[in-house]
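In: need coordinates for the below:
(5 chains)
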Amino acid sequence: MDLTSFAGPFLPEIVLLAGVLLVYLLDVLKLRSNELVGSIAVAATGFALLFVVADLGFTPFALLRTLPASSVDPTFSGGYPLYAFTSLGLVFQAIFLLATCLVSLASLSRPREERGAPIFYGLLLLATLGMLLVAVAADLIFLLLAIEVTSLATYLLVGYTRRDSRSLEAAMKMYIIGALSTTLSFFGASLLYGAYGTTNLYAIRAIGILNTGAGAGSYPVLVLLGYGFLIVGLAFKATLVPFHAWAVDVYDGAPTDVTAFLAGGSKKMGLFAFFLVLLAPILFVRTVASGSPFTTTQVALGPVLQITLAVLAVLTMTVGNVLALLQKEMKRMLAYSSISQAGYMLIGITVGTAPALAGATLQIFAHVFMKGGAFLLVAGVSAWGIGPLIDDWKGLGTRRPLAGVAFALMLLSMAGVPLTVGFVSKFVLFSAAVQAQGYFVWLAIAGLLNSALSVFYYARVLRVMFFEQAAPNPLPAGTVVGGSEPPILPAGGFGYGRAAAIGLVVIVIVAVGVYPQMVLGAVQSAAQHFVNFGA
Amino acid sequence: MLPLLSITIATLLAGTVATFLSGARARWVALGVSVLFILEVALLFLSFSGWPGYNGALVPGFSESESYAWIHLSWMQVNYSVGVDGISLALILLTAVLNLATVVYSWAESKRPAAYFGLVLLTGLGCFGVFVALDILLFFLFWEAVLVPMFFLIGYWGGPRRRYAALKFFVYTHVASIVMLVGLLAIVFYSGATSFDFSSVYASARNLAAVPQTFLFLALFFGFGVKFPIVPFHTWLPDAHVEAPTGGSVLLAGLLLKLGAYGLIRWAVEILPSGFHNAQPVLFFIAFLSIIWGSVLSLSQRDLKRLVAYSSINHMGIVLLAIALDSSLGLIAAVLLMFAHGIVSGLLFMSSGSVHHTFGTRDIASVGGITPRTPALSTMIMAGSLASLGLPALISFPAEFTALLATWNGLQYWVFIPLGILVVTAAFYLWMMQRLLFGPAKGIPAAAHDIPWYEGAGMGILVAFTVLFGILPGLLVNLIVSSPIKGWPGT
Amino acid sequence: MTDLPIVGFVGLSAALLAVGLFGILTRRNFILLLIAIEIAMNAAILNFVYFAAYAGGTPGLTGQSIAVVLVGFGATEVAVGLAIVLALNRLKGTINVARATELKL
Amino acid sequence: MIYEEIAFVLLALVAIATGVLALLVRELVHTILWVAVFFVDLAALYFLLDAPFLGVLQLGVYAGAVTVLLLFGIMVTRKRIFSQEARIGIGAIPFGLAVVTFIFVVAAIGEFPQSSTTIYTYDPTALSQNLFNVNGPWLLLLGLIMLVAVGGAIYLVREGRE
Amino acid sequence: MTAFVVVGLAGTRLKRLEWGGWVAVGFAGAALIVGVLVAAGAMLDPGRYTNVQYTWFQLPPSPGTFPNGFELVVGTLVDPISALMLLVVTVVGFLVMLYSIEYMHHDRGLPRYYAELSLFLAAMTGLVISNNLFEFFLFWELVGLCSYFLIGFYYEKPSASSAAKEAFLVTRVGDVMFLLGIFLYFYNYRFAGPAGSGGWAANGFVFVNGSQPFLAGTMGGNSTLLTVAGIMILGGAAGKSAQFPLHVWLPDAMEGPTTVSALIHAATMVAAGVYLLAVTSLFLGFTATDQLLIVAIGGITTFFAATMAVVHPDIKRVIAYSTISQLGYMVLAVGAGFAMVGLFHLFTHAFFKALLFLSAGAVIHAVGTQDLFKMGGLRKTMKITATAFAIGGLALAGIPPFAGFWSKDDILGSVYAQLGAHPAYWPFFILAVAGVFLTAYYIFRAWFLAFSGDRPRDPTLPHAHDPTWRMTVPLVTLSALAVGAGFLIFWPNFQGLLLNGAGVAGIPPTYGTTDLLLSAMSVLLGGAGIALAWYLWGNGKVFVLPESSAVQPVRKLLLNRYYMKAGYDWIGAKGVYSIARAADFFDQFVIDGTVHGFERMFAAFSDRLRRIQSGVVSDYAAYVVGGLIAVFVLLLFVAPYLVAKVGGG
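Out: Predicted coordinates for the structure are as follows:
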């Protein structure tokens, strides 16, 4: 294996790795200033992002291309590699990098007294590296190992404020459920290996297309069990119900910037893993498989998986929304909302058509900005001394109109109000579901009804922020202040980094919301390639 | 030709932004924008090319059409397409008039005036957009765009239970929009329409089989119906109206309810003829239910605004009935009724608002005999009530007459229901006037004085239109007739 | 060339998985949880190994390679788990996972 | 070959038994002992499957390193090494869940030949070829994972004095 | 002719001015001149139709419903009957306006009064000269509105505003039926009419086309439909003309100023119902069933209202009941097919009833009460008024040669002539004849109570005297008309006008050829009534019915108007309002409650579901494993079953 040919396409990853090493080096040199280390992370992700965007074929950056156009979306004939560059993978790489970029940009404004900048940014970059590798995986084991890179990094990220018991508890919970899921994933992979004799996703796809009798044809139960284990294992990352319970506690307990990364980044990786793993059986395994040892009917594998995923999707949306309804804490409410959003995204792979995948991808793109931005904003607001409860946000909209409007915009986008990116993505996603016809229309209806339900709690936050007066500050004894003065917010805003990140979020939410053609066009063509890829 | 529609949208958008930013001078900016809006609508009228006999527009029957690519995917063609025909033009006129009247009426708004007037203009923009949009996504976008300002208008400037009302309004209408959206999407994808454009949907949806058409129609009907509002999905309306500030109520009753009816005509009745035909019994049933329910409930209300709100349900029920008749006369009646109800309910809500400002309560039972103290206000209330109960020479009369005539033509003796309800309608208005305006004075605060000039002016604008179109309904009818509705010549 | 009952291996790995899961569900001591997870992990590794050796399927060395990688991964995972548990123990003085319930509802 | 089958049955029984014992005994140090036996037992199974390289790896990594790591964990988190765990019931629900999972997975055995079949054996060189050449990226990934683990784990357990 | 409308509207503009009353009178005078000229023109040239019309709105022809298009027009038509009505409206209108100057001078709402009265005159004129049913309805509603305003003129009085509301509502019931009637006729005649005309739909409901009745000879079509249409028109007329059972509002309408009662609720507006029936019967035609029904309503109302007038102590209400009763005669005539005879009675009745009201108004103006039992002996101080009232009474009682005799006699005679052909008319004819006696009795009971005797029974009443010329001129003029109007029947031109009003339909009436025996009988009955009144009430006597009398319950029944109003009130207040309350309850608690129920259910569900977030990680692991098993179940059992069943997505 020629090193240069191996390293060339991985330039973005290498840039990140270099960033990590630089950060660790500076740590050793006792240069631990947040701004310095953070800038390195921002720069690294920024550069990597440029490379990825260039690889996607965005002409202004053509100079930065690291991949010849021919090696994107290649066709295989025998000899399946462990990794392959797909347009959709590149799109996801860009999304992941954007998420990391946003988080590290915002984290530039971390409070000075907070320690652990090197480990924070180092792990952030490593986690991102794992995500980038997930995006190019072509092999199940490669995929799972890459996921583990991110998983371990995120366990540690969640617990990196090691003197915060909430944070450590979150890390512990995430670790246990994560390790369990990993085990289940590998177990599933082993079963699939037993059935197919390979763990390569494209090989499995080819077996399905060629209908050689291996895999689903010969070992229907093994295949079904294998995919079942994999679905459950990956559902951990994607926070599907009922595998979501950890997420709420972890999103709540983790440092909020890390939460933003979890919600905006690593969870999306789980969803993309779903795309990678399940697209082949859903679309290409035409082998008629006996449904189970207990029934004699012969059914196709694809619809069976689709129905299962549809149930999971509906369950995820609904439970997430219902639980968010009564939630009193802002972060937990956002966490539940994030869970329900995962349900929408799952619709994409459930439907399995290129439009649906495009819709889901756009939804994921939107979610990075909406939810990531929201958590970043929550982190900034809590730095002002605003408590964790939604009610603590009373009157914020009128006292800090800019922050209030930005947050309102994110919430409206999550609720799917037009002229926001959240609307466009849901519109495309549900359109695609309707376009696929059949029972997917019901999926679209369930999704839309759920998004209606979600309006309840988003609107509640808006109400608290804009229509209610701030509660009187618990006054220090002896101070004489008239009546019901709201708590005094610190002068200044979020700090430049965070303000820039939130500003970027707002711009994207509105810009893509108003004119989505550019993003949507790229995503659509990538999804189309992805569906046809290697076939 | 000038892209007049886009210019108007841009004007309103820019006006809204300017109003938001203009602080204390917001009302002047808003007034300027409203006047500009009216002038642009006047220009639209002048350049309207859909008059009978003309067929040169981009989409047949639509004048001033514009279309630009927006989202073009292999399977989804969304354009920015706008255009007007007679029906939308009539409602656009209503929008412009109500916008101006609301701005004038709310002249003294002191609670964050910039935001208030901005939101009023934004509502106007949304409604204008709905009436001109010829693309499903664009339509839905404007449709939803109306929700947000109204949510804030109710939620921030409203009465004591404003938060509840705002939330209820938002959730109800949002759920409805969603069902409507699914319906519209399904129409596109099931019919194999090449784009989201009205023309394309119109051309292909009619070819769908009757059964899917029926399902789609019912979905759309639910979506539009909640805005109507149809019984039993109406309970958001009284709450929203009662809690909304006067300007909000005016726009809510005058414009928002019309969106549902307009949507039903444009996006359901026209493009799903067989579905419409099959669903007619349902529509009739709901229409009669709404008519009866609205007026019977009006009888039992003590709150002036609530009374007017329920009477809106009744009136919109007649609109629905007229639409459901599936006849040209019915359609004309429906649009006339919409226009009339927009003006008249606006007037009535303004009156109720003034009653509230002047006497501190809207409870009909606790205030009475106000006429000697506030003759101008009483006159307005009387004008509004009499117009609303369908008195000749006022705007509702030709509309109701046409509607009832059309009902007779279509349904024969069923017309007894709306006819009988006319008596009940008269009863609750008369009863309200008897208690509020006449009789011995009671419950009038010492400081109460007649309405200020701007409230009078706001209502005066509406009264002027009430009388103008009451005497010359032909102006509107000629406009409506020029629309490419089925059964019309040249369609 | 040895003959072995492949069915038995399937049963064994299923049983080991069940034992691991049972441990994860019932044990409260974090270290026991780690052990349970590793038992289940070993079930997966065992799967890879015997499927690699099973002639009935499509045999290949890949399975053994995977097993090698997974053995390494398992050890790393335990190390990270231990790091977390040590930090938690330092802060809370317990490694009973049922006592760490600050975050709930 | 009947001997190999008998050996397999014995090893399998020992594996299950030690696994269960490791989880159920109340003395934590005994747990470690049973775990060690479990890992060794699995190594023996790998030898039985003619995968000697893996067997050795299992002995070295699991039976050696991991066991020591776990023992170390117990020593650090315990005031006294030989303290007993509180008795915890088996719990019907977890037990049921585990059994049902077992049943589901075992359901797949119907798809395999019920009698003993010949297994393939491989040359360790071929294994290393496979491992380092074709599937080299796996090892790179494993390296990355270890990089993450080492950096993070050290930071986490370090007595924070910065 | 539209000038009338303009005149009326102009009147309303001037309401702010102090001398607005005079301006209004001036306009009314102008209207009078025009009206008289028009009427004279019509009388001098019977059979002339003047028709002018403008399109209100129109729809182009559409293939389905209206192949010839659809049109609504506003037009004017002067034909004999509208000329007759025009004369009534303008004459009485002018006189009442003049009279009001003094009668109302103390009222601060004077400008409003004149504005509303002017508007009324305009609307009434418009109604009379309408050339189509749609326009007819338009003005019909407008006069109803004016009536509403004028009844509620003293709006501070709760009884007045209540009466106004009642009047509007009850007539609204009639209006609704009228509207339905219009629709029914429209449906029947939408394509009927002269060839090529396109029918009613394309011609805006017009009666005439050029000089021809538009629908001449088109009677026919669906007879059931036409019957129902006729019933609906009758309902409308019954509402406006206070016929049984929609008569309840008219007595209460006496809450308005007496002048208003005289003009609107005696002479003009209430007659609009009869006018409507006449127009319909002449131009559209009634079926035999309708005719019988109209006759029945007329006959019943005649007698029924008269009985109520017999016992009432309020001078205005007595006259009001008398109005209802007299309107009954007109309806009876129209129903029997003698529309023009009815209109003739309408014509004379307008004058003598206005006279009666204005006289009563003068009395009320003078003594400040309407209670007959407080009055008495006014004959001495109010000579002109007493005489005027007596003339009116005699006319009403049908004593020759007063106007009432001629017209009422014509009615009785004409109907009598039809009895052979329509035996079913008999009972109603008898009721009508009995009404003659009652009429004479109650009106002279009122006269005797008010004017005879020596002094007022209530000594606290102010000293009464005759009013000034502004009030007496109308009284005298109307007296003259009450005496003389009946003689017009002997003028051939007028007779010709009446005959020609029939246009093409209808039965020739019996002008001048009345059965002498019948005339004599009716005069005798009238005389007997007067005699009885004199016997019971003459010379200041007060007849008190003994408490033990067997007819005491009857008296109570009559005083309480047969409990019909109470019944209606009960239906309105208790029945409908209770339904409304119940509906409100349903709305708030059931419909909204369902919504809130959903909300609560979600909340409860959410709360229950929240518990699974226990914070114990082992539980979370259990969910994972449970979820795993659930996924297996789905994958292995549920999904294959579904796929096999429906064939997959």
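In: just want the most central residue of chain E.
Out: Geometric centre of chain E, nearest residue: E:K240, 1.3 Å, by CA atoms, centre = their mean.
In: do a quick rundown of the helices in the stretch 151-300 of chain B.
Out: Ranges of helices in the stretch 151-300 of chain B, per DSSP state H, counting those that start in this stretch, are B:162-191, B:198-205, B:210-227, B:236-243, B:246-251, B:257-263, B:273-299.
In: which of the residues in the first one are buried?
Out: Right, the one you point to is helix B:162-191. B:162-191 (16 or more other CB atoms under 10 Å in any protein chain shown). Quick note: C-beta positions are derived from backbone N, CA and C, even for glycine.
In: could you do stretch E:585-594 as well?
Out: E:586-587, E:591-592.
In: got those as TSV, with distance to E:S479 and secondary structure columns?
Out: Below are those laid out as TSV (distance: CB to CB, whole Å; DSSP: H, G, I helix; E, B strand; the rest coil):
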residue	distance to E:S479	secondary structure
E:F586	60	helix
E:D587	59	helix
E:I591	64	helix
E:D592	65	helix
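In: let me know the closest of those to chain A.
Out: Distances from the buried residues of stretch E:585-594 to chain A were compared by CB to the nearest CB; the smallest belongs to E:D592, at 16.6 Å.
In: please name the nearest non-neighbouring residue to the closest one.
Out: Sequence neighbours aside, B:T235 is the residue nearest to E:D592 in space, at 4.3 Å (criterion: CB to CB, 6 or more residues apart in numbering or on different chains).
In: which residues touch the one you found?
Out: By CB atoms under 8 Å, 6 or more residues apart in numbering or on different chains, the residues touching B:T235 are B:168, E:587-588, E:591-592, E:595.
In: what would the buried residues of stretch E:585-594 look like in JSON lines with pLDDT?
Out: Output for these, formatted as JSON lines (pLDDT from 0 to 100):
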{"residue": "E:F586", "pLDDT": "82"}
{"residue": "E:D587", "pLDDT": "81"}
{"residue": "E:I591", "pLDDT": "80"}
{"residue": "E:D592", "pLDDT": "81"}
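In: I'd like to know which of those residues is nearest to chain D.
Out: Looking across the buried residues of stretch E:585-594 and measuring by CB to the nearest CB, the closest to chain D is E:D592, at 42.0 Å.
In: what about the closest one, distance to E:A603?
Out: For E:D592, the distance to E:A603 equals 16 Å [CB to CB, to the nearest Å].
In: got the residues of chain B near chain A?
Out: Applying CB under 8 Å from any CB of the partner chain, we find that chain B lies next to chain A at B:69-76, B:137, B:140-141, B:144-145, B:147-148, B:151-152, B:155-156, B:162-163, B:166-167, B:170-171, B:174-175, B:178-179, B:181-182, B:185-186, B:188-190.
In: so where's chain D shaky on pLDDT?
Out: D:1, D:79-89, D:159-162 (pLDDT under 70).
In: would you map the helices across chain D?
Out: Counting by DSSP state H, one finds helices in chain D at the ranges D:2-24, D:28-48, D:52-57, D:67-77, D:92-106, D:124-129, D:136-157.
In: quick one: mean pLDDT for stretch A:131-143?
Out: In this model, stretch A:131-143 carries a mean pLDDT of 92.
In: try stretch B:87-106
Out: On average, stretch B:87-106 scores 90.
In: quick one: it to chain centroid distance?
Out: Centroid separation for stretch B:87-106 versus its chain: 10 Å, with CA atoms, centre = their mean, to the nearest Å.
In: number of nearby residues for E:D569?
Out: Residues near E:D569, counting by other CB atoms under 10 Å in any protein chain shown, number 15.
In: whoops, E:R555 was the one
Out: 13.
In: can you pull the contacts of it?
Out: Contact analysis of E:R555 by CB under 8 Å, 6+ apart lists E:311, E:545.
In: go with 10 Å
Out: E:310-311, E:545, E:549 (CB atoms under 10 Å, 6 or more residues apart in numbering or on different chains).
In: in what helix or strand does it lie?
Out: Using DSSP states H and E, E:R555 sits within helix E:552-559.
In: check which helices and strands the next helix or strand after that helix is in contact with.
Out: Downstream of helix E:552-559, the first helix or strand assigned by DSSP H and E is helix E:564-569. Counting by 3 or more CB pairs under 10 Å, 6 or more residues apart in numbering or on different chains; DSSP states H and E, the packing neighbours recorded for helix E:564-569 are helix E:158-189, helix E:249-252.
In: and the shortest one, what does it pack against?
Out: This means helix E:249-252. helix E:133-151, helix E:158-189, helix E:288-311, helix E:315-335, helix E:564-569.
In: now B:V103, what are its backbone angles?
Out: As for B:V103, its main-chain torsions (degrees, to the nearest 10) stand at phi -60, psi -40.
In: would you mind measuring from it to chain E?
Out: From B:V103 over to chain E the distance is 30 Å, taken as CB to the nearest CB, to the nearest Å.
In: which residue packs closest to E:M269, ignoring adjacent ones?
Out: What sits nearest to E:M269 in space, not counting adjacent residues and going by CB to CB, 6+ apart, is E:V143, at 5.0 Å.
In: was I right to think the one you found contacts E:A167?
Out: No. At 11.5 Å, E:V143 does not count as touching E:A167 under the criterion of CB atoms under 10 Å.
In: and the residue nearest to E:Q588 when sequence neighbours are not counted, how close does it get to B:H315?
Out: Leaving aside its chain neighbours, E:Q588 sits nearest to B:T235 (7.9 Å; criterion: CB to CB, 6+ apart). For B:T235, the distance to B:H315 equals 17 Å [CB to CB].
In: that's a strand at E:Y155, yeah?
Out: No. Secondary structure of E:Y155 (DSSP: H, G, I helix; E, B strand; the rest coil): coil, not part of a strand.
In: OK, contacts around it?
Out: B:369, B:371-372, B:378, B:433-434, B:437-440, E:109, E:112, E:149, E:161, E:164.
In: any chance of the helices of the stretch 151-300 of chain B in CSV, with mean pLDDT and distance to E:P492 too?
Out: Conversion of those to CSV gives the following (pLDDT from 0 to 100; distance: least, CB to CB, whole Å):
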stretch, mean pLDDT, distance to E:P492
helix B:162-191, 85, 73
helix B:198-205, 84, 69
helix B:210-227, 90, 67
helix B:236-243, 87, 66
helix B:246-251, 90, 64
helix B:257-263, 90, 61
helix B:273-299, 89, 55
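In: winner for burial among these?
Out: Across the helices of the stretch 151-300 of chain B, averaging neighbours per residue (mean count of other CB atoms under 10 Å in any protein chain shown) puts helix B:246-251 on top, at a mean of 30.
In: output the contacting helices and strands for the strand or helix carrying E:L225.
Out: Following DSSP H and E, the helix or strand that holds E:L225 is helix E:223-240. When contacts are defined as 3+ CB pairs under 10 Å, 6+ apart, helix E:223-240 packs onto helix E:133-151, helix E:158-189, helix E:269-279, helix E:288-311, helix E:315-335.
In: what angle do the fourth one and helix E:223-240 make?
Out: Using axes from the mean of the first three to the mean of the last three CA atoms, to 10 degrees, the inter-axis angle of helix E:288-311 relative to helix E:223-240 is 20 degrees.
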